[in-house]
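J.: Return atomic coordinates for the entry below.
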Amino acid sequence: MYRTTLIFAVLLIFISLTTFAQMMKEYYNSEKETLTLQKKELKKEIETLKTEIKNLQNRIPELEQEIKTAFRELYVLKYDEEIGQRTASKRIWNGMTDKIVRDGWSEPDRINKKVEKWSRFIQWNYGNIIFFFQDGNLTDWEDWWIE
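T.: Residues are numbered from 1 along each chain as shown. Here you go, the predicted model:
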């Protein structure tokens, strides 16, 4: 009797383990299939995004030109044809105001100021280029290229 019970218990454990192993195999295969499908979908999405990035990169020159044109039109409206064109192309000349320089060159990297009784002197630094202003008007500039 003891032997029969033992054999029955071992047989029951074996069947349970076999059933459990089969369930685990089915679960594993199901998860593997799900992950394989997700991987395929992600690869498609990556390719789509790569194409989109390439298309956007190809548009950069066109968009940069649109920006230049918009700034040129803005400065022509703000000042006049000649000064607007010169400002948009970052040209500099003696007598231009600090506002025009700021429009064409944006904010300087650094500003140094010196106020005297007779005048106000300001120096704007853009990298290696220095603009000198007296009472809000450009009087000179230096271009330092360090090699």
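J.: any idea how far the helix or strand harbouring Lys50 is from the chain center?
T.: Secondary structure assignment for Lys50, by DSSP states H and E: helix 2-78. Distance of helix 2-78 from the chain centroid (CA atoms, centre = their mean, to the nearest Å) equals 25 Å.
J.: Which is the succeeding secondary structure element to it?
T.: Per DSSP H and E, helix 2-78 leads on to helix 81-88 as the next helix or strand towards the C-terminus.
J.: export that next one as PDB, just CAs?
T.: The C-alpha trace of helix 81-88 is given here as PDB (Å, rounded to 0.1, in the frame of the first residue of the first chain):
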ATOM      1  CA  GLU A  81      15.600  99.600 -48.000                       C
ATOM      2  CA  GLU A  82      19.300 100.400 -47.800                       C
ATOM      3  CA  ILE A  83      19.800 100.100 -44.000                       C
ATOM      4  CA  GLY A  84      17.500  97.100 -43.900                       C
ATOM      5  CA  GLN A  85      19.500  95.200 -46.500                       C
ATOM      6  CA  ARG A  86      22.800  96.100 -44.800                       C
ATOM      7  CA  THR A  87      21.500  95.100 -41.400                       C
ATOM      8  CA  ALA A  88      20.100  91.700 -42.600                       C
END
